[in-house]
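*Asks:* A predicted structure for the sequence below; I have some questions about it.
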Amino acid sequence: MAFASPPSQSATRAPVSGKTRYTDYPMAMSVLTTIFFMWGFLTVLNDILIPHLKSVFELNYARAMLVQFTFFGAYFLMSLPAGRLVAALGYKKGIVAGLAIAAVGAFGFWPAATLHSYAAFLAALFVLATGITVLQVAANPYVALLGPERTSSSRLTLAQAMNSLGTTLGPWFGGLLILSAVTATTIPTDVRKAPETVQLVQMLNTGEPKQVADALRHAPADRLVAALNDAAATALDRVPADAVASAVAPLSSAQLAGVLDKLPGDALLATLSVQSPQQLAALPIDHLAGALDKLTASRLDDAQATRLRALRASLLPETQQQLQSWRQKQAELVQVPYVGLGVVLLLLAAGVWLFNLPALAETTEQADPTHHTLMDALRHSHVFFGVLAIFFYVGAEVSIGSFLVNYLSLPDVGHMSEQEASHYVSMYWGGAMIGRLAGSALLVWFNPRKLLALFAAIAGLLVLTTMLTHGQLAMASVIAIGLFNSIMFPTIFSLGIERMGPLTGKASSLLIMAIVGGALLPLAQGFLADHFGIQHAFVLPMLCYGYIVFYGLRGSLVRDAAVPAVIPENA
């Protein structure tokens, strides 16, 4: 049974109804929004996978960003084959093929976890991303063409709002099922509020380094643990590492485990180094693993790196075995969620196959008698500048999302666990959803080019605030960027394929290929973070938003003659 029937006139001829209607195919539009939701959900799970696999395989930031490099690198490598696939199959069968390929990639997480292989995880991600690339090539232009050109930006923004709903729910889902919380330290209220504890907290926050060191050495163990948990995140930064290590060394294993994540990197390394192999073995394995992961990701000088290697070598064989077993169990946490997602993708593929979507064949390469090339599309300046805009936008958005968990976990920003930080990642993507719902209305009435430039300028200022501030303001600014990211991708995409006629597919493939920015820029930001710190590394996305301001004001203008649409003989 058909759920959507095409209008009597070609969509590319702007029928009379198209002048007043928002979309000529409301049911098809509804089906497509479900597809947008799923690929948003799958893509944002990378933001949860990065800190998880970073811990499981003890990676530094640059190596952890290979997750995004692999995932978004598939867009660059596979967008042209995806474009040819969609040209051969049409929009509907192309969407079904994309869903099926993504399902195969999701199923690949089971053997990757069993093998405990980072390379196998990356291979499964590549297949998953290949499927999503096919979906992007088919679904983005398809939604833009489901009605009059005047509302194409608004229509694609509305569909992308469902994509943002997926990116909002994904971190919550991933944080719940993938990021396992380290055992929390419970401190009795009477100890936490005791006058001695309050006084010690004040000393940690405001005292001179020598006074703080003396106070730490003479504090009772329970007061010391409570004070270290309540003190400001940067309280110990000015205290010599060896002084901190000697103060916490007498703590019991359980007490020491409760303060390891509060110690700066140099103090943490000094503290673990003075513990005997037996004392290290007595620490809860999740806390020990977390401490070693923190040190692996820290910027260590040569002497500290040598000290860390010696520390690892001193671990008892049974401790090393426990660490390996713990990491294996952590790797296996991704199996059930991704297999479940694979099943959902196959069900969606079956549903789309049974749904009668309009063909819109006049805007595909099947209707192009001259067989244009990619260079023919790229010669249009608004397509060329649009490819760069997509590259920089996706790079900025993915870089920010990829670093959110680790950024919010910083002692001088959010000072929270990774699982707690994953909830704020949902807020970041939730802002994009709210912005897209509002933006789909704004784009009906306001010039999309000017609105794009305004949103990019505000996002750039928020990134600058993120770089220059700490605490609640830094948290609020980085999360608010998601709100202003909202309309960028759909607006850039619809402006990039504007008036391209049968070259729409070629322009679409080029724009999807540019999503490789999500592979390269996070990797570059990971390199900056390893060398200059996470906060300073945000200079990269700030520069990206500067380019998008240019694209909105100048680069998106159509300077070339429009490509004539192919009119079907029976129109």
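*Replies:* Cool, got the structure.

*Asks:* What is the lengthiest helix in the chain packed up against?
*Replies:* Ranked by residue count and defined by DSSP state H, the top helix of the chain is helix 66-107. Helix 66-107 sits against helix 26-56, helix 118-144, helix 335-354, helix 381-408, helix 504-513, helix 517-532, with contacts defined as 3 or more C-beta pairs under 8 Å, 6 or more residues apart in numbering; DSSP states H and E. Placement of C-beta: from N, CA and C, glycine included.

*Asks:* What helices and strands are in contact with the last one?
*Replies:* Read that as helix 517-532. helix 61-64, helix 66-107, helix 381-408, helix 534-537, helix 539-550.

*Asks:* Go ahead and confirm A106 touches P337.
*Replies:* No - using C-beta atoms under 8 Å, A106 is not in contact with P337; the gap is 9.0 Å.

*Asks:* These two: which is more packed in?
*Replies:* A106 (26 against 18; other C-beta atoms under 10 Å).

*Asks:* and the nearest residue to that one once chain neighbours are set aside, how far is that from F69?
*Replies:* In space, and not counting its chain neighbours, A106 is closest to G342: 3.5 Å by C-beta to C-beta, 6 or more residues apart in numbering. G342 sits 23 Å away from F69, taking C-beta to C-beta, to the nearest Å as the criterion.

*Asks:* A313 now?
*Replies:* 31 Å.

*Asks:* In terms of neighbours, single out the busier of those two.
*Replies:* Remark: of A313 and F69, F69 carries more neighbours, 23 against 9, as counted by other C-beta under 10 Å.

*Asks:* what's the spacing between that one and A144?
*Replies:* Following C-beta to C-beta, the distance that separates F69 from A144 is 29 Å.

*Asks:* V539 touches M467, doesn't it?
*Replies:* Yes - the criterion here is C-beta under 8 Å, and V539 meets it with M467 at 6.6 Å.

*Asks:* For the helices and strands packed on helix 517-532, state which one has the densest average packing.
*Replies:* Mean neighbour count (mean count of other C-beta atoms under 10 Å) peaks for helix 381-408 among those, with a mean of 25.

*Asks:* quick one, that one and helix 26-56 angle?
*Replies:* 40 degrees (axes from the mean of the first three to the mean of the last three C-alpha atoms, to 10 degrees).

*Asks:* which residues of this protein score low on pLDDT?
*Replies:* Along the chain, the model assigns pLDDT under 70 to residues 1-22, 24, 177, 179-186, 232-233, 297, 359-372, 411, 417-419, 560-571.

*Asks:* Tell me how far stretch 442-458 lies from the chain's centre.
*Replies:* Relative to its chain's centre, stretch 442-458 lies at 24 Å (C-alpha atoms, centre = their mean, to the nearest Å).

*Asks:* In TSV: the helices and strands packed on helix 517-532, plus distance to S30.
*Replies:* Formatted as TSV, these follow (distance: least, C-beta to C-beta, whole Å):
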stretch	distance to S30
helix 61-64	38
helix 66-107	14
helix 381-408	26
helix 534-537	40
helix 539-550	30
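
*Asks:* Put the alpha carbons of stretch 121-128 into PDB.
*Replies:* Presented in PDB, the C-alpha positions along stretch 121-128 are these (Å, rounded to 0.1, in the frame of the first residue of the first chain):
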ATOM      1  CA  PHE A 121      36.800  -1.700  17.100                       C
ATOM      2  CA  LEU A 122      38.100   0.700  14.600                       C
ATOM      3  CA  ALA A 123      37.300  -1.700  11.700                       C
ATOM      4  CA  ALA A 124      33.700  -2.100  13.000                       C
ATOM      5  CA  LEU A 125      33.400   1.600  13.300                       C
ATOM      6  CA  PHE A 126      34.500   2.100   9.700                       C
ATOM      7  CA  VAL A 127      31.800  -0.300   8.400                       C
ATOM      8  CA  LEU A 128      29.200   1.400  10.600                       C
END
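
*Asks:* So what's the gap between it and the chain middle?
*Replies:* 16 Å.

*Asks:* try stretch 246-260
*Replies:* 35 Å.

*Asks:* and if you look at stretch 89-106?
*Replies:* The answer for stretch 89-106 is 22 Å, by C-alpha atoms, centre = their mean.

*Asks:* CA atoms only: put that stretch into CSV for me.
*Replies:* The C-alpha coordinates for stretch 89-106 follow below in CSV (Å, rounded to 0.1, in the frame of the first residue of the first chain):
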residue,chain,number,x,y,z
LEU,A,89,19.7,2.3,-6.7
GLY,A,90,17.8,5.5,-6.3
TYR,A,91,17.1,7.3,-3.0
LYS,A,92,14.8,4.7,-1.4
LYS,A,93,17.0,1.6,-2.1
GLY,A,94,20.1,3.7,-1.2
ILE,A,95,18.6,4.4,2.2
VAL,A,96,17.8,0.7,2.7
ALA,A,97,21.4,-0.2,1.7
GLY,A,98,22.9,2.3,4.1
LEU,A,99,20.8,1.0,7.0
ALA,A,100,21.9,-2.6,6.2
ILE,A,101,25.6,-1.7,6.0
ALA,A,102,25.4,0.2,9.3
ALA,A,103,23.8,-2.9,10.9
VAL,A,104,26.8,-5.0,9.8
GLY,A,105,29.1,-2.6,11.4
ALA,A,106,27.2,-2.5,14.7
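
*Asks:* next helix or strand past the longest helix of the chain?
*Replies:* helix 109-115 (DSSP states H and E).

*Asks:* Only the buried residues of that following helix, if you could.
*Replies:* 109-110, 112-113 (16 or more other C-beta atoms under 10 Å).

*Asks:* What of stretch 458-477?
*Replies:* Those would be 458-460, 462-463, 465-467, 469-470, 474-475, 477, for stretch 458-477 by 16+ other C-beta under 10 Å.

*Asks:* Tally up the residues packed near S422, please.
*Replies:* By the measure other C-beta under 10 Å, the count of residues near S422 is 26.

*Asks:* what do you get for L323?
*Replies:* Neighbour tally, L323, other C-beta under 10 Å: 18.

*Asks:* just R559 next, same as before
*Replies:* 8.

*Asks:* surely it meets H382?
*Replies:* Yes - counting by C-beta under 8 Å, R559 touches H382, with 7.1 Å between them.

*Asks:* Can you pull the residues that touch both of these two?
*Replies:* Shared contacts of R559 and H382 (C-beta atoms under 8 Å, 6 or more residues apart in numbering): none.

*Asks:* what's S152 in contact with, if anything?
*Replies:* Contacts of S152 (C-beta under 8 Å, 6+ apart): 144-145, 494, 498.

*Asks:* Write the PyMOL selection for whichever of these are buried.
*Replies:* Typed into PyMOL, the line below selects the buried ones among the contacts of S152, using 16+ other C-beta under 10 Å:
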select buried, resi 144+145+494+498
